[in-house]
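Visitor: got a predicted structure here, sequence first:
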Amino acid sequence: MFRIRIQSVEEYKLVVLVRDDVKMTKGKIAAQTGHAAVNCALSIKKRDPDAYDKWTLNGQPIIVLKIGSEMELFEFKAVADAQGINNSVVSDAGKTQVEPGTITCIGIGPAASAVIDKITGELKML
């Protein structure tokens, strides 16, 4: 009889914080969060392949939360930077709904869920 040993993997996730003060349609928000997620995934795959693998083995969870302003977005970025957590700020090209250069969201991670929750755990879902 064969025994299969399943190795548990620490939970990893990617969180995208979307500015609630920028008026965007659902489709625009989806596109912006997609940019943040792809940027973070490509960055972490190069920078920390082990973190990328853990996130992938967890099913690549992406959580979208809301924040109230650009200033708040950069406060979260400063915390992520200080803790060495991968992140990506998305600046829109301005071809559709918002002015060029508008900061719409930030992706944080992928990183251990426990680490990200300490930073974003109090935020509400979009």
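Guide: Cool, got the structure.

Visitor: any idea of the mean pLDDT in stretch 85-95?
Guide: In this model, stretch 85-95 has a mean pLDDT of 94.

Visitor: sorry, slip of the keys, the one I care about is stretch 110-126.
Guide: 97.

Visitor: likewise for stretch 38-54?
Guide: On average, stretch 38-54 scores 97.

Visitor: show me what counts as buried in it.
Guide: Asn39, Cys40, Ala41, Ser43, Ile44, Lys45, Asp48, Ala51, Tyr52, Lys54 (16 or more other CB atoms under 10 Å). Using the backbone N, CA and C atoms, a C-beta is placed for each residue, glycine as well.

Visitor: now do the helices in the chain.
Guide: 26-47, 49-57, 70-82, 113-120 (DSSP state H).

Visitor: want to throw these into CSV with distance to Ile63?
Guide: As requested, the helices of the chain are arranged in CSV below (distance: least, CB to CB, whole Å):
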stretch, distance to Ile63
helix 26-47, 10
helix 49-57, 12
helix 70-82, 13
helix 113-120, 8
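
Visitor: returning to that earlier point: tell me which of the buried residues of stretch 38-54 is nearest to Ile119?
Guide: Cys40 (14.2 Å; CB to CB).

Visitor: and for the spatially closest residue to Ile29 that is not a sequence neighbour, the neighbour number?
Guide: Nearest-residue entry for Ile29: Val18, 5.9 Å, with adjacent residues in sequence omitted and distances by CB to CB, 6 or more residues apart in numbering. Residues lying near Val18 (other CB atoms under 10 Å) number 20.

Visitor: can you start the count at 481 instead of 1 from here on
Guide: From this message on, residue numbering opens at 481, which makes the last subject Val498.
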